[in-house]
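A.B. asks: sharing a model that was predicted from the sequence below.
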Amino acid sequence: MSDPVVHEFDITLPDGRTLHGYEAEGEGVPVMWHHGTPNVGTPPRPLLALAAELGLRWVSFDRPGHGGSTANPGRTIADTAADAAALADTLHLDRFALVGHSGGGPHALACAARQPARIIAAVTLGGLAPIDAAGLDWFAGMGPTSHAALRAAQSGLEGKRQHEQQHADAPIDFTAADWAALTGEWGWLGEVAAAGAASGIDALIDDDVAYVTPWGVDLGAVAAPVLLAHGADDHVVPVAHADWLASAMPSAQLWRLEGESHISALAAEKHGAADALRWLADRVRG
């Protein structure tokens, strides 16, 4: 099966900002993709054909400041969940599912918490837990670059900006397995990361500051089934984040991928992103 065509469009939000959206052709059940940092929101190419085969249809958007979406400095995770709701309203999506990767994970869960009646099921792939998660040592297990970048974000927008300007060439906390995965179909992430970085560092700064700020949502409000798929060797977002999220949401199921990390977990043959999408399709049909 060939990949469905993805159409791009803009909507104007109530405060006058532009939100740049994407919608794949087809009649499937809509699934909203939430991208990582710094990316743009184009739906995941490695999963386009599989989604259509499973009766699913991707919709998505660039988070504020990324790609074609207007910046919203100081935004919280909940603020972006409101943008996602506006996109769903524009597309007349009464019921839909969610998938978020990395920094997209918190945004997907925030949508599930803020719109419980509309969400069928949600998947997070290597996603972060809230900064104020009780009992979680939030920074433990992060590699040096991720740890330093998110610590800097705690000092606010200007402190984070100074850090990024001084450490622009810091190595990503990827494992050899991650780099190997990027030579395959998930090399697509390099393309969307380059597109996201082309917008400048402001969107990355806004994202990271949002991650280290309370989300502004109650995860106890999540009613839909949730799958947390996470590499046990992830040093960008440690698996302890998924452990905590699984304990915080009664509807959550955890797939801990031994030997996998932040990107390699997506490409894993068992319990990788493709299996997670199949899990989602089963809940949509159920």
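C.D. replies: Perfect, I can see it now.
A.B. asks: burial check on Pro73, number of neighbours?
C.D. replies: Using other Cβ atoms under 10 Å, Pro73 has 12 neighbouring residues. Where you see a C-beta, it was placed from the backbone N, CA and C, and this is true even at glycine.
A.B. asks: please tell me the pLDDT value assigned to Arg95.
C.D. replies: We have a pLDDT of 97 for Arg95.
A.B. asks: please renumber the chain so that the first residue is 9 from this point on.
C.D. replies: Noted, 9 is the first residue going forward, which turns the last one into Arg103.
A.B. asks: for it, phi and psi?
C.D. replies: The phi/psi pair for Arg103 (degrees, to the nearest 10) reads phi -140, psi 140.
A.B. asks: for the closest residue to Glu193 other than its chain neighbours, give me its contacts.
C.D. replies: Leaving aside its sequence neighbours, Glu193 sits nearest to Pro54 (Cβ to Cβ, 6 or more residues apart in numbering; 4.4 Å). Shown in contact with Pro54 (Cβ atoms under 8 Å, 6 or more residues apart in numbering): 193-194, 196, 274, 281-282.
A.B. asks: please apply the same query to Leu165.
C.D. replies: Contacts of Leu165 (Cβ under 8 Å, 6+ apart): 81-82, 213-214, 217.
A.B. asks: need the pLDDT of Met9.
C.D. replies: Value listed for Met9 in the pLDDT field: 63.
A.B. asks: go on, His155?
C.D. replies: For His155, pLDDT reads 98.
A.B. asks: show me what whichever strand or helix holds it is packed up against.
C.D. replies: Here His155 sits within helix 152-161, counting by DSSP states H and E. Counting contacts by 3 or more Cβ pairs under 8 Å, 6 or more residues apart in numbering; DSSP states H and E, helix 152-161 packs against helix 165-174, helix 210-219.
A.B. asks: and which of the contacts of Leu165 is nearest to Leu106?
C.D. replies: Set against Leu106, the nearest of these by Cβ to Cβ is Asp214 (20.8 Å).
A.B. asks: and stretch 187-204, average pLDDT?
C.D. replies: 97.
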